[in-house]
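Visitor: Fold the following and give me the result.
(one chain, ligands or ions: 3)
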Amino acid sequence: MLTRTDLRGRTLTSSELAATLPRAALDVEAAQERIRPILDDVRDRGAAALRDLAERFDGVRPDHVRVPAEAISDALEHLDPEVREALEASIAHLRAGHGAQLPRETSTEIVPGGVVRQRWVPVQRVGLYAPGGLAVYPSSVVMNAVAAQVAGVEELAIASPPQKEFGGLPHPVILAACALLGVAEVYAVGGAQAVAMFAYGAKVEDDVDRADAAAAGTGGVLCEPVDVVTGPGNVYVAAAKRAVMGTVGIDAEAGTTEIAVLADTTANPVHVAVDLMSQAEHDPAAASVLITDSPQLADAVDAELAARVPATRHSDRMRTALTGPQSGTVLVDDVDHGVAVANAYGAEHLEIQTDDASGVADRIRNAGAVFVGPYSPVPLGDYLAGSNHVLPTGGTARFASGLNVTAYIRSVQVVEYGETALKELAAPLRALAVSEDLPAHAEAVDERF
Ligand SMILES: NC(=O)c1ccc[n+]([C@@H]2O[C@H](COP(=O)([O-])OP(=O)(O)OC[C@H]3O[C@@H](n4cnc5c(N)ncnc54)[C@H](O)[C@@H]3O)[C@@H](O)[C@H]2O)c1
Ligand SMILES: N[C@H](CO)Cc1c[nH]c[nH+]1
Ligand SMILES: [Zn+2]
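Guide: Residues are numbered from 1 along each chain as shown. Ligands and ions are numbered 1, 2, ... in the order given. Have a look, this model is predicted:
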């Protein structure tokens, strides 16, 4: 089922490797062209554009773009207790994992009487996206909101697509997750338009919006712009985040899901197959890549896929994902070669199913998250491991991180020198200022003495 790329006996540079490895047909750059008119429309027409776009892409025109408080509390009241318990466990695990990420403030005496502190300051307001197209993602509400709350952000707004089945509101489990996390500002807005709403803000359209804004105390504005937009989504969401970066901060481009599995003969082909399938379930454009030095394992995985895919709930979507140009098996000479290929690919999720999996994992440089050994499958990280599932895709793991508290905080350096400390540095400062032909810089110091 998986197309094979045979790299055995071939020595390629990282960029040659990257060009040879499986990749999606529609990338974030190409999707940007499609979403630009959406961003402009939301900026110009606010809630009126949001309703038109919902009708076009989600098949429903929401009455309430901002979700009323009663809908959120009702959703929690009707939440299945087992799902509630699982969400609470996920929240607790994530709070533990993210609490450990907070950087400490530092204070350094650079010269006697001259101190530089580095403070970490959360942004004021964030917009968090939880997908809701082919599947709905309450788990992404949790991933975003816990990281932002642990970082100390005061204002959290969440957007998720309106669901036709639920009268144009986001899915009730999304709303229940918001309630569990104490997030009251929730919008029935999906895709690129949600990112635009967060980046530019959105004005009200009608009396329903005016009443919702009045209830929320935001006057004529439906949604105020945020400082940072985070969260996962399909290629259009990722493209919109790339487009607004600079107007607001973003986390990584957490687009269409990818899994790579680096496996040798010690791997269980059933584990490999079911893990590849788990992520192919997300999207017909999802990528599942097996990197192995064992043609026998590749054959066994193919046999498992052939038997299992037709029997699974989302078999059409999964088959499209597994047979698309973004998925495949890459045959390598040995595990060392596999590590080089995995680093060139830079998967969102990389599983290591080899002998000495921990040692191999330590040699991975480029991956959104690494899952080590037979009992750390990606779905564990999707829901309950305590790690964040909002992760960089499309090879951006080369430079971007998975969502963590630092997406919502900035360092501010605070400079506090006394008179003697400044006087001591006046001469070298003058020398540097004059060397740059900026003498007023030196005069600003000299004038004090
Ligand atoms: N990388 C990560 O961290 C991560 C985590 C979870 C999920 N994901 C990915 O999130 C995605 C969820 O996708 P989804 O579609 O189910 O939900 P989604 O909420 O991301 O996207 C749905 C929205 O896409 C927009 N859209 C659909 N077709 C469009 C088009 N032709 N042009 C412009 N906009 C269009 C619509 O506005 C719709 O509301 C999947 O690809 C999944 O793999 C990634
Ligand atoms: N695998 C996804 C990240 O790409 C996250 C997720 C949420 N729900 C299930 N899976
Ligand atoms: Zn998943």
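Visitor: starting at the chain centroid, how far to the lowest-mean-pLDDT helix or strand in the chain?
Guide: Within the chain, confidence by mean pLDDT, DSSP states H and E is lowest for helix 14-20 among all helices and strands, at a mean of 86. Per C-alpha atoms, centre = their mean, to the nearest Å, the displacement of helix 14-20 from the mean C-alpha position of its chain is 25 Å.
Visitor: So which elements touch it?
Guide: Helices and strands touching helix 14-20, by 3 or more C-beta pairs under 8 Å, 6 or more residues apart in numbering; DSSP states H and E, are helix 335-345. C-betas here are computed from N, CA, C, even on glycine.
Visitor: Which positions in the helix it packs on come out as buried?
Guide: The neighbour-count check on helix 335-345 (16 or more other C-beta atoms under 10 Å) flags 335, 337, 338, 339, 340, 341, 342, 343, 344, 345 as buried.
Visitor: got CSV for those, with pLDDT and distance to ligand 2 too?
Guide: Output for those, formatted as CSV (pLDDT from 0 to 100; distance: C-beta to the nearest ligand atom, whole Å):
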residue, pLDDT, distance to ligand 2
335, 98, 25
337, 96, 26
338, 97, 22
339, 97, 22
340, 95, 24
341, 95, 21
342, 97, 17
343, 95, 19
344, 94, 20
345, 95, 15
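Visitor: Now the stretch 201-350 of the chain against ligand 2: closest residue?
Guide: Here the stretch 201-350 of the chain gets closest to ligand 2 at one residue, residue 257, 3.6 Å apart by C-beta to the nearest ligand atom.
Visitor: pretty sure that residue contacts residue 284?
Guide: No: using C-beta atoms under 8 Å, residue 257 is not in contact with residue 284; the gap is 11.2 Å.
Visitor: out of those two, which sits in the busier spot?
Guide: Ranked by neighbour count (other C-beta atoms under 10 Å), residue 257 and residue 284 place residue 257 first, with 25 against 18.
Visitor: before we move on, back to that, switch the buried residues of helix 335-345 over to a markdown table; also include distance to ligand 1.
Guide: As requested, the buried residues of helix 335-345 are exported to a markdown table (distance: C-beta to the nearest ligand atom, whole Å):
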| residue | distance to ligand 1 |
| --- | --- |
| 335 | 26 |
| 337 | 27 |
| 338 | 23 |
| 339 | 23 |
| 340 | 24 |
| 341 | 21 |
| 342 | 17 |
| 343 | 19 |
| 344 | 19 |
| 345 | 15 |
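Visitor: Considering these, which is situated nearest to residue 52?
Guide: Residue 52 lies nearest to residue 345 out of the buried residues of helix 335-345, by C-beta to C-beta, at 39.0 Å.
Visitor: Now do the same contact list for the closest one.
Guide: Residue 345 is in contact with 17, 18, 21, 260, 289, 291, 366, 395, counting by C-beta atoms under 8 Å, 6 or more residues apart in numbering.
Visitor: can you check residue 47 too?
Guide: By C-beta under 8 Å, 6+ apart, residue 47 lies in contact with 65, 202, 203, 204, 205, 206, 209, 222.
Visitor: Count the residues that sit near the last one.
Guide: In this case it means residue 222. Residues near residue 222, counting by other C-beta under 10 Å, number 24.
Visitor: That one - that's part of a helix, no?
Guide: No: counting by DSSP: H, G, I helix; E, B strand; the rest coil, residue 222 is not part of a helix but strand.
Visitor: how close does it get to residue 20?
Guide: Going from residue 222 to residue 20 by C-beta to C-beta, to the nearest Å gives 47 Å.
Visitor: One more: the fifth one?
Guide: Plainly put, residue 205 is 50 Å away from residue 20 if you go by C-beta to C-beta.
Visitor: How about the third one?
Guide: The span separating residue 203 from residue 20 equals 49 Å under the rule C-beta to C-beta.
Visitor: and the residue nearest to residue 171 when sequence neighbours are not counted, what is it in contact with?
Guide: Residue nearest to residue 171 in three dimensions, not counting chain neighbours: residue 136, with 4.1 Å by C-beta to C-beta, 6 or more residues apart in numbering. Shown in contact with residue 136 (C-beta under 8 Å, 6+ apart): 130, 160, 163, 170, 171, 173, 174.
Visitor: What residues does the stretch 301-449 of the chain have near ligand 2?
Guide: Contact residues (C-beta under 6 Å from any ligand atom) of the stretch 301-449 of the chain with ligand 2: 348, 382, 389, 391.
Visitor: List only those of these flagged as buried.
Guide: Buried among those (16+ other C-beta under 10 Å): 348, 382, 389, 391.
Visitor: mind putting the residues you listed in CSV, pLDDT, distance to residue 117 and secondary structure included?
Guide: Shown next, in CSV, are these (pLDDT from 0 to 100; distance: C-beta to C-beta, whole Å; DSSP: H, G, I helix; E, B strand; the rest coil):
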residue, pLDDT, distance to residue 117, secondary structure
348, 98, 36, coil
382, 98, 39, helix
389, 98, 34, coil
391, 98, 32, coil
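Visitor: So which of the residues you listed reach ligand 1?
Guide: 348, 389, 391.
Visitor: Let me see the contact set for the closest residue to the last one other than its chain neighbours.
Guide: In this structure, residue 391 finds its nearest non-sequential neighbour in residue 368, 3.2 Å apart by C-beta to C-beta, 6+ apart. With contacts defined as C-beta under 8 Å, 6+ apart, residue 368 is in contact with 252, 347, 348, 349, 350, 391, 392, 393, 397, 400, 401, 402.
Visitor: Just the buried residues of stretch 425-445, please?
Guide: 429, 430, 433, 442, 445.
Visitor: Now for these: which two are most distant?
Guide: 433 and 445 (8.3 Å).
Visitor: about what we covered before: tell me the confidence at the residue of the stretch 201-350 of the chain closest to ligand 2?
Guide: On pLDDT, residue 257 comes in at 98.
Visitor: mind listing what it touches?
Guide: For residue 257, the contact set (C-beta under 8 Å, 6+ apart) comprises 279, 282, 283, 286, 287, 348, 349, 393.
Visitor: Residue numbers of the stretch 151-300 of the chain in contact with ligand 2?
Guide: So the stretch 151-300 of the chain meets ligand 2 at 257, 279 (C-beta under 6 Å from any ligand atom).
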